[in-house]
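Q: predicted coordinates and the sequence they were generated for:
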Protein chains: 2
Amino acid sequence: MTHQEEATDPDASGLIDRFCASCKEAVLAELRHILRAHRWNHDALEDLVLDYPLRPAKGLRPALCIATSRALGVAEDAVTTTAAVIELLHNAFLIHDDVEDESLLRRGEPTLQEAHGLPIAVNVADGMFALAMLALLDNLELLGLRASLEIFRQIVDMLWTTVGGQAIELGWIRANTWRFADYRAAYEDLVIRKTATYSFIVPIQVACIAAPASPELRVGLAAFGRHVGIAFQIADDLLNLRDDAEGYGKEVRGDLWEGKRTLMLLHALHQETDEAVAGAAAAILARRRPGSDELHTELRQVAAVVDDLHASGHVDGVGRASVLVALRRAWAARRDADAKTVADVRALSELIERHGGVAYAHAAALEHVRWAERALGRCAPELAPGEARDFLFALPAYVLGRLK
Amino acid sequence: MTHQEEATDPDASGLIDRFCASCKEAVLAELRHILRAHRWNHDALEDLVLDYPLRPAKGLRPALCIATSRALGVAEDAVTTTAAVIELLHNAFLIHDDVEDESLLRRGEPTLQEAHGLPIAVNVADGMFALAMLALLDNLELLGLRASLEIFRQIVDMLWTTVGGQAIELGWIRANTWRFADYRAAYEDLVIRKTATYSFIVPIQVACIAAPASPELRVGLAAFGRHVGIAFQIADDLLNLRDDAEGYGKEVRGDLWEGKRTLMLLHALHQETDEAVAGAAAAILARRRPGSDELHTELRQVAAVVDDLHASGHVDGVGRASVLVALRRAWAARRDADAKTVADVRALSELIERHGGVAYAHAAALEHVRWAERALGRCAPELAPGEARDFLFALPAYVLGRLK
């Protein structure tokens, strides 16, 4: 059986789910242990630190870290703290991402800022960054100085890289950048920085440090992580466009509302030969998403009242027109005046459809899955057979399988 | 000359300013060096990391770190990186504080979220946290393992403590907590966590670690830092109430708009014997500050147009009343419907005035200044005479001197 066949095994999903579930308990227990070890702090803060981690989620990142460790023969609990730290930092990123994207839902529940207000959400994630660093310092005794310091540096480098990726994406949204000499390269560079590094490359690399794995093996496994990571983000972007994504837990088409430069959208914008159409789509992208306190509806209701009064003769034609102009002016004075509308987002969806954006992105993801499988295949002789290795081989197909 | 006399030296301010200025250049150079050493990242992010640090500010925290080091005989450049990291983290806190408090001004210019949007502001500060950790790892070679790891732990503990302090304050604002068995103790506990630790205690402690200072000296200097820190925050709160604070750089009475529990306000609320008056003040506190896109004004303009139309006969009495009701309903539907008004904030100011809140807080700050001077006096025999020691002795009087 070749590794390609292994990777397209229809049972990949069951294997991944079982392995993740078996890791999740240990990771949550470790997170509680980390909190207990540093609990001089405010109770409310401690509860909120666990809010996102306790919501239903697979825990793919710590499972990847643990699977790689096992396949490399690392002692069972040597990476538990590091895996828990990776999960903690992932959730801290999610909180700040949700604030930055004004997201409403996370894992099927209101985002932290919707539930507890933006100030508390920003602060809780800061606490999670601090707690992650504290836990990594506790690693010193467990892993020895060389490995634990190298892991520390790896994770701190990763924080800086991920923030840099986020800066690029936010910068594109703010400046409404969308023309690129090579849009696929620009997208993939972004995705490596903002997602693949912290979600795939680093969970694998810290296991390599703990092993320690040979430099060649580290390079090979890093390539595997990079390609899986890119495929994962493309699949995630594709899922965001679906109306029917079961248990998706995020806002459908939230990426279009937020103006995210997904591969589908970039492809469609660059394929569009009519400059006016592309320009109109770019203009839509530039509009901010409406705030949750959007007044549009309320002002429309006032306008409807004026219409009724006009019909019943209490307001004459001049009166009606003047009030409507005043209302429109009041609306225009709002910061959200130029917010995206449902029709705007529909127009972007249609542009993507017209230019085969989904098929294009799907093909790109499939390419990365193949590259990932090839990279892992070359590492195979140095990985111990068993469930952990099977997890790694099942991962590429799994990230695309989420689209089925 | 006793230390008390030294501390009330009218020239304290000049001495502090000169010493801070002499440190500032080295600290900024070190920050640029840290950025250069990790510059694989996005250019825009790097510029924004320096935005707050480059604005006019004294740089009291790194200067305190450097002064303590010199007074303890630490080699000149052994703490430069650590001092720069403290300044970097201070500025990262300021960015997130400004986001959390919806502040408009920082150091006389628009806050980062006003200038670049909230998403970029949240992300830039995250980058500064990551960069600070990277710089501390670079410390390893300079200071040796024991001292650099102890400094690392000290600073990471500090991050967790500061976030915890912020969590307490945000929790009080969100739950509108204001009754305390001992309001001064509650306030001082908060201030030690959210300000004194990172601004005074830790800059001093890292110098003690680098020295290394004896455990007794560390305890004595920590007490000094704690008392100066509390006095500093009380003075800062008092400055916020002033209309005439020259070069203050923040929004006057911003604390009242944000609902901050300052010592003046807590004193006034607890001194107020009329439950109805205290309750009304607490109700004001509970209201959020109006958003910058407040529609109040615009809707009033629509109402004025309706009034004119009524006067000119285009809208009859029923029409006018109906439109006004519809407008009021639209306004009530807004999230900011129950926002604080200028009159609300004036009422809080008057409550503070009526109960001598300013005098009470000033007296408390003066007490801490005296305790700080006493704590430092006991450490004096172990501090090398010179400019650095003079800086430490001048500091307590200086933090209150800002009120003159």
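A: That came through, no problem.

Q: for the closest residue to residue A:347 other than its chain neighbours, pull up the helix or strand it's in.
A: The spatially closest residue to residue A:347, leaving aside those adjacent along the chain, is residue A:284, at 6.2 Å (C-beta to C-beta, 6 or more residues apart in numbering or on different chains). From N, CA and C alone the C-beta is placed, and that goes for glycine too. Assessed by DSSP states H and E, residue A:284 sits inside helix A:275-286.

Q: which neighbouring elements make contact with whichever strand or helix holds residue A:236?
A: Using DSSP H and E, residue A:236 sits within helix A:215-241. With contacts taken as 3 or more C-beta pairs under 8 Å, 6 or more residues apart in numbering or on different chains; DSSP states H and E, helix A:215-241 sits against helix A:183-191, helix A:202-210, helix A:254-258, helix A:263-271, helix A:357-379, helix A:387-401.

Q: of those, which stretch is the most buried?
A: helix A:202-210 (a mean of 26; mean count of other C-beta atoms under 10 Å in any protein chain shown).

Q: next, the angle from that one to helix A:387-401.
A: 160 degrees (axes from the mean of the first three to the mean of the last three C-alpha atoms, to 10 degrees).

Q: quick check, helix A:202-210 touching chain B?
A: No. Judged by C-beta under 8 Å from any C-beta of the partner chain, helix A:202-210 and chain B are separated, with a smallest distance of 13.0 Å.

Q: just the CA trace of that helix, in PDB.
A: Extracted C-alpha coordinates of helix A:202-210, given in PDB (Å, rounded to 0.1, in the frame of the first residue of the first chain):
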ATOM      1  CA  VAL A 202       5.500  24.700  14.900                       C
ATOM      2  CA  PRO A 203       3.500  21.800  16.500                       C
ATOM      3  CA  ILE A 204       5.600  19.500  14.300                       C
ATOM      4  CA  GLN A 205       8.900  21.300  14.900                       C
ATOM      5  CA  VAL A 206       8.600  21.300  18.700                       C
ATOM      6  CA  ALA A 207       8.200  17.500  18.600                       C
ATOM      7  CA  CYS A 208      11.400  17.400  16.400                       C
ATOM      8  CA  ILE A 209      13.300  19.400  19.000                       C
ATOM      9  CA  ALA A 210      12.100  17.200  21.800                       C
END
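
Q: got the buried residues for the helix holding residue A:236?
A: A:217-218, A:220-238, A:240-241 (16 or more other C-beta atoms under 10 Å in any protein chain shown).

Q: still on that earlier bit, do you know which of the helices and strands packed on helix A:215-241 lies nearest residue A:323?
A: helix A:254-258 (31.1 Å; C-beta to C-beta).

Q: can you name the farthest residue from the center of chain A?
A: residue A:313 (55.3 Å; C-alpha atoms, centre = their mean).

Q: pLDDT weak spots in chain A?
A: For chain A, the stretches with pLDDT under 70 are A:1-10, A:40-43, A:243-251, A:290-299, A:325, A:328-338, A:404.

Q: where is the longest helix in chain A?
A: Counting by DSSP state H, the longest helix found in chain A is helix A:145-175.

Q: now do that one against helix A:275-286, angle only.
A: Using the same axes, to 10 degrees: helix A:145-175 against helix A:275-286 is 120 degrees.

Q: hmm, helix A:145-175 touching chain B?
A: Yes. If you take C-beta under 8 Å from any C-beta as the test, helix A:145-175 does meet chain B, through A:145, A:149, A:152-153, A:156-157, A:159-161, A:163-164, A:166-168, A:170-171, A:173-174.

Q: what residues does the stretch 51-200 of chain A put near chain B?
A: Contact residues, the stretch 51-200 of chain A versus chain B (C-beta under 8 Å from any C-beta): A:96, A:99-101, A:116-120, A:122-124, A:126-127, A:129-131, A:133-134, A:137, A:140, A:145, A:149, A:152-153, A:156-157, A:159-161, A:163-164, A:166-168, A:170-171, A:173-174.
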